[in-house]
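> Structure, please.
(one chain, ligands or ions: 1)
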Amino acid sequence: MSVSSSTSNLGELSAARYGKTKVRVFRIVREGKWHHIVEYNVQALLEGEIAVSYSEADNSVVVATDSIKNITYYLAKISPHILNAEKFALHLATFFVSKYAHISKAFVEIEQLRWTRIHVAGEESPEGHPHSFFRDGDDKRIVKVEVDGSAGKDKLVGKVTAGINDLLVLKSTGSAFENFYRDEYTTLVEVNDRIFSTSVDLSYTFTNIPIAAPTDEKKLDFVIPVQKGETGYAGSVWDEDVPARARAATLETFAVDESASVQATLYKMAQRIVAENDSVHSVTYTLPNKHYIPVDMRYLDVDNLTPSKAEVFVPIAAPSGLISATITRK
Ligand SMILES: O=c1[nH]c(=O)c2[nH]c(=O)[nH]c2[nH]1
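Modelled structure (predicted):
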């Protein structure tokens with residue numbers, strides 16, 4: 001049988017999800033002379049009764065990805081949560097699932113770029129300049145939200161993961177790698193002093209959040225039911241200090257740990273995040289081990305290999321180690 005004549009029934013659609021990616025949004029919130037700004041790259045994908053758009057070329061079930069983009073900008077304008085990526089993502093995902101009867105799940109991912117207030121010497125405010133900012137790092141805050149309406153549009157479930165990507169760090173000592181498994185393939189020498197550099201990818205998950213049906217038809221904002229005698233979930237996802245604490249835990253643990261390995265330092269970072277953030281359920285780090293190789297200068301009779309004499313290194317772009325683990329609250 002020819003390939004072109006066999007396209008009918010050999011396969012069936014087993015997964016389908018679509019939407020818009022890389023929606024770039026910049027938003028100013030003005031509070032008198034104080035401006036607050038965020039810059040997001042947003043991805044919003046939908047699942048639901050959309051199979052016929054693939055299998056029958058029936059576009060009547062397709063909310064155009066262009067409309068998904070328009071809704072993203074509309075909510076960036078009207079959402080009270082725009083300055084908080086977790087809440088904005090929940091609002092956006094709730095909007096899609098509530099607005100469209102045939103859409104059962106929405107997946108929103110936000111990458112937040114860094115903008116930090118400029119400090120001007122001699123100016124009064126310790127918080128920095130009211131409307132001038134700079135990019136103080138390539139790391140991004142990452143938020144991933146799923147809103148699941150498959151149990152009913154008045155019984156939504158919000159699943160929230162957040163974290164950091166591309167946080168580049170390096171320490172020039174306080175790192176060793178010894179006593180590893182040795183066999184006929186081992187050429188690596190043990191070292192009690194080496195450079196440790198990695199580009200941190202971190203994500204932490206929160207306990208799932210029940211979401212009631214939105215009460216406002218136009219905004220379709222999420223509503224968190226607060227049960228009697230409970231503080232609700234306001235202390236969990238909405239704890240706006242979790243990102244700062246997780247970043248500090250990552251940087252400070254990296255700095256002070258006498259590292260036995262990337263694995264052992266990773267574990268300590270994750271334990272600190274679990275210890276400091278009651279609402280965090282699990283923590284995942286993915287850490288490339290970015291190698292720095294001391295240059296061999298023995299041919300010049302120069303010692304650049306003894307750890308205490310190693311001063312000139314070649315940063316190796318590839319290959320790198322890649323160490324990952326998830327630590328889950330007991
Ligand atoms: O911290 C490390 N962990 C490893 O698993 C590993 N493997 C390796 O070659 N060097 C290192 N360093």
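> Let me see the ranges of the strands in this structure.
Along the chain, counting by DSSP state E, strands occupy 18-31, 34-48, 103-112, 116-117, 133-134, 140-148, 156-171, 196-206, 209-211, 280-289, 292-294, 313-315, 321-328.
> Using a markdown table, lay out the ones you listed together with mean pLDDT and distance to Phe177.
In short, each C-beta sits where N, CA and C put it, glycine included. A markdown table is the format used below for the strands of the chain (pLDDT from 0 to 100; distance: least, Cβ to Cβ, whole Å):
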| stretch | mean pLDDT | distance to Phe177 |
| --- | --- | --- |
| strand 18-31 | 98 | 39 |
| strand 34-48 | 98 | 36 |
| strand 103-112 | 98 | 32 |
| strand 116-117 | 97 | 35 |
| strand 133-134 | 98 | 37 |
| strand 140-148 | 98 | 29 |
| strand 156-171 | 97 | 13 |
| strand 196-206 | 97 | 9 |
| strand 209-211 | 91 | 41 |
| strand 280-289 | 97 | 9 |
| strand 292-294 | 96 | 13 |
| strand 313-315 | 98 | 15 |
| strand 321-328 | 98 | 10 |
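> how many neighbours does Asp241 have?
Asp241: 10 surrounding residues under other Cβ atoms under 10 Å.
> May I ask you to confirm that Lys159 is in contact with Ile211?
No - at 10.5 Å, Lys159 does not count as touching Ile211 under the criterion of Cβ atoms under 8 Å.
> For those two, indicate the residue with more neighbours.
The neighbour comparison of Lys159 against Ile211 (other Cβ under 10 Å) goes to Ile211, with 25 against 18.
> Mind listing the shared neighbours of Lys159 and Ile211?
Counting by Cβ atoms under 8 Å, 6 or more residues apart in numbering, the shared contacts of Lys159 and Ile211 are Val147.
> tell me the contacts of the spatially closest residue to Asp257 that is not a sequence neighbour?
Of all residues not flanking Asp257 in the chain, Thr265 sits nearest, at 4.9 Å (Cβ to Cβ, 6 or more residues apart in numbering). By Cβ under 8 Å, 6+ apart, Thr265 lies in contact with Ser175, Phe196, Thr253, Phe254, Asp257, Ser259.
> Find the closest residue to the ligand in the stretch 101-250 of the chain.
Residue nearest to the ligand within the stretch 101-250 of the chain: Phe177 (4.3 Å; Cβ to the nearest ligand atom).
> List the beta-bridge partners for that residue.
On the basis of DSSP bridges, Phe177 is bridged to Val191.
> so what pLDDT did it get?
Predicted confidence (pLDDT) at Phe177: the value is 98.
> I'd guessed it sits against Arg194; true?
Yes - applying Cβ under 8 Å, one finds Phe177 in contact with Arg194, separated by 6.5 Å.
> How about the contacts made by the closest residue to Val256 other than its chain neighbours?
Take Val256 and drop its neighbours on the chain: the residue closest to it by Cβ to Cβ, 6+ apart is Gly174, 7.9 Å away. If you count contacts by Cβ under 8 Å, 6+ apart, Gly174 has them with Phe196, Val256, Asp257, Glu258, Ser259.
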